[in-house]
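>>> Build me a model from this:
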Amino acid sequence: MLLRCLIDGLVLPANWSEGDGPLLATDGNETFALEALEAQFYEVIAATESEWLRVERWSYRLLRKASDFEWQPDDTR
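Numbering: from 1, shown residues only. You can find the predicted model right below:
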């Protein structure tokens, strides 16, 4: 999954942590858990169907698809 910061346009790769954990975004060598409230400052520019379904199941209601959003192949099929 790829996220874009709405403030500065920075693109960050993001993955789900093991189990039922939060969404983890990576900025260079630093990885951080994306809090539900700070999701309002990001948009998703690419995701697989399974990643997007997990976004919807978690409390990331403020995380939206970008206008240039693209679906990615889902390797879990």
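>>> got a pLDDT number for residue 53?
At residue 53, the model reports a pLDDT of 90.
>>> how many other residues sit next to it?
12 (other CB atoms under 10 Å). From N, CA and C alone the C-beta is placed, and that goes for glycine too.
>>> switch to numbering from 14
Taking 14 as the first residue, the last one we looked at is residue 66.
>>> Unless I misread the structure, it falls within a strand.
No. Counting by DSSP: H, G, I helix; E, B strand; the rest coil, residue 66 falls outside a strand, being helix.
>>> Select the helix or strand of the protein having the lowest average pLDDT value.
In the chain, no helix or strand scores lower on mean pLDDT, DSSP states H and E than helix 62-70, which sits at a mean of 90.
>>> Which residues in it does the neighbour count mark as buried?
Across helix 62-70, burial judged by 16 or more other CB atoms under 10 Å covers 64, 65, 67, 68.
>>> So which residues of this protein form strands?
Taking DSSP state E, the strands of the chain run over residues 15-18, 24-29, 36-40, 43-46, 55-60, 77-84.
>>> Comparing the ones you listed, which comes out most buried?
Ranked by mean neighbour count, those are led by strand 55-60 with a mean of 20 (mean count of other CB atoms under 10 Å).
>>> in its sheet, what does it sit against?
Here strand 55-60 has these sheet partners by DSSP bridges: strand 15-18 (antiparallel), strand 77-84 (parallel).
>>> re the thing from before, export the buried residues of helix 62-70 to JSON lines and append columns for distance to residue 82.
JSON lines is the format used below for the buried residues of helix 62-70 (distance: CB to CB, whole Å):
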{"residue": "64", "distance to residue 82": "12"}
{"residue": "65", "distance to residue 82": "9"}
{"residue": "67", "distance to residue 82": "16"}
{"residue": "68", "distance to residue 82": "12"}
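>>> Closest one to residue 19 out of the residues you listed, please.
residue 68 (16.2 Å; CB to CB).
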